[in-house]
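**Q** This is the structure alone, sequence omitted:
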Ligand SMILES: Cc1ncc(COP(=O)(O)O)c(C=O)c1O
């Protein structure tokens, strides 16, 4: 609360708190706000935006989202029909998947370090229990088949049936982008298990550094489908709405890549007809307002602006990340070396833990003595004490804010040594 009321600003409040724990991106806020002002002012809201409409998403909005996905990281067809379901944020989609794909008391598996809220997204309403397979930086945080098998057995021993493998690509909190091999391994392994589904959470699909390729689970499934297809089996329309099969589902949204978590827009791409049907009914409770869809359709339909935005966002993300690395290097803190995106740096503060000091105590020290707020690694199933997740695109100012971070860290460390 104290920090939220007094955030750092590069001009107006240089002494404010550097809040680096909210998984949001402010680097493009001004440009986004200008664009929205422009599209909303250009025409009157159409009559349909006042009505209920299709609760799984308005047709033009679905097409605009599908186009954006296809033309960026999802290098496979994204149909804009029942296959694409729009709900109020990726969190809503994960919650819907929990109770649709599993029963209370079943298990969902993922690899660690892992997004802290998966446990609530699958567990709060769905009552599906999260199990995390630990992985390590030396293995690029990519799980081996043994890691996956061992967490599968852990769930069985707890008398919970493993029903879902959730993959976070690009990853929260490590900032890594899984290789195509790792994606293929995880998907292939889950598909080899009876009744297991893959949920690929690609909410950071466009939040990567320039030139980084994100392999979507959809790309893997499309390639596999094409390799297995002798050309005689289906028309291209059928192919575009079936290649994912019944057990692979892609989650995405506008909260992160588009810096608009408050607009509450998430999406699910699935070819499972029973799931589509279930969510076509329940989406009434999770729908996005028609007005929001109307405004965002106009924004996304401007393909020139859209592509400029995505490219510029990537450029700013990388520049800010490099400035963060420089700032942390001043106190000899390193970040996971293969960071390629998401909004995070997975930083190793373990050498700064004093004798007997806990990670939490170090967190409090940074908060009280340097006005810096990070996220505890232990809440993300961190691989060792002293890891922190750092959100670099949130403080206003980008590179300038990271330079301020560096100054504060040096001052804090020097004062600590006296
Ligand atoms: C991996 C991941 N999935 C889902 C979400 C939830 O996104 P939304 O705000 O769209 O519900 C987040 C938010 O931090 C996230 O990091």
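**A** Cool, got the structure. Keep in mind it's a predicted model, so treat the numbers as computed, not measured. Residues are numbered from 1 along each chain as shown.
**Q** Pull the residues that contact the lowest-mean-pLDDT helix or strand in the chain.
**A** Taking mean pLDDT, DSSP states H and E as the measure, the helix or strand of the chain with the lowest value is helix 236-240, at a mean of 84. The set of residues external to helix 236-240 that reach it, using Cβ atoms under 8 Å, 6 or more residues apart in numbering, is 77, 79, 225, 229. C-betas here are computed from N, CA, C, even on glycine.
**Q** Just the buried ones among the residues you listed, please.
**A** Neighbour counting by 16 or more other Cβ atoms under 10 Å classes 77, 79, 225 among the contacts of helix 236-240 as buried.
**Q** Would you reformat those residues as JSON lines and include pLDDT?
**A** Written out in JSON lines, the entries for these read as follows (pLDDT from 0 to 100):
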{"residue": "77", "pLDDT": "96"}
{"residue": "79", "pLDDT": "94"}
{"residue": "225", "pLDDT": "93"}
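**Q** Next to the ligand in this structure, residues from the protein, please.
**A** 23, 89-91, 115, 168, 172, 201, 203, 253, 255, 261, 266 (Cβ under 6 Å from any ligand atom).
**Q** Quick one: those residues as TSV, columns for neighbour count and pLDDT too.
**A** Supplementary listing: the residues of the chain next to the ligand in TSV, determined by neighbours: other Cβ atoms under 10 Å; pLDDT from 0 to 100:
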residue	neighbour count	pLDDT
23	22	95
89	21	97
90	24	98
91	21	98
115	24	96
168	24	98
172	27	97
201	28	98
203	28	98
253	29	98
255	22	97
261	19	96
266	24	98
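**Q** Just flag the most distant two among the residues you listed.
**A** With distance counted by Cβ to Cβ, no two of these lie farther apart than 168 and 261, which are 16.3 Å apart.
**Q** Who are the packing partners of the lengthiest helix in the chain?
**A** With DSSP state H setting the assignment, residue counts place helix 303-329 as the longest helix in the chain. For helix 303-329, the helices and strands in contact under the criterion 3 or more Cβ pairs under 8 Å, 6 or more residues apart in numbering; DSSP states H and E are helix 29-42, helix 59-71, helix 290-301, strand 334-335, strand 344-348, helix 399-417.
**Q** Need the winner for burial among those.
**A** With neighbours taken as mean count of other Cβ atoms under 10 Å, the helices and strands packed on helix 303-329 reach their highest mean count in strand 344-348, at a mean of 25.
**Q** Can you tell me which of the residues of the chain next to the ligand is closest to residue 300?
**A** Compare each of the residues of the chain next to the ligand with residue 300 using Cβ to Cβ and the shortest gap goes to residue 253, at 12.8 Å.
**Q** Please consider this matter closed, and thank you.
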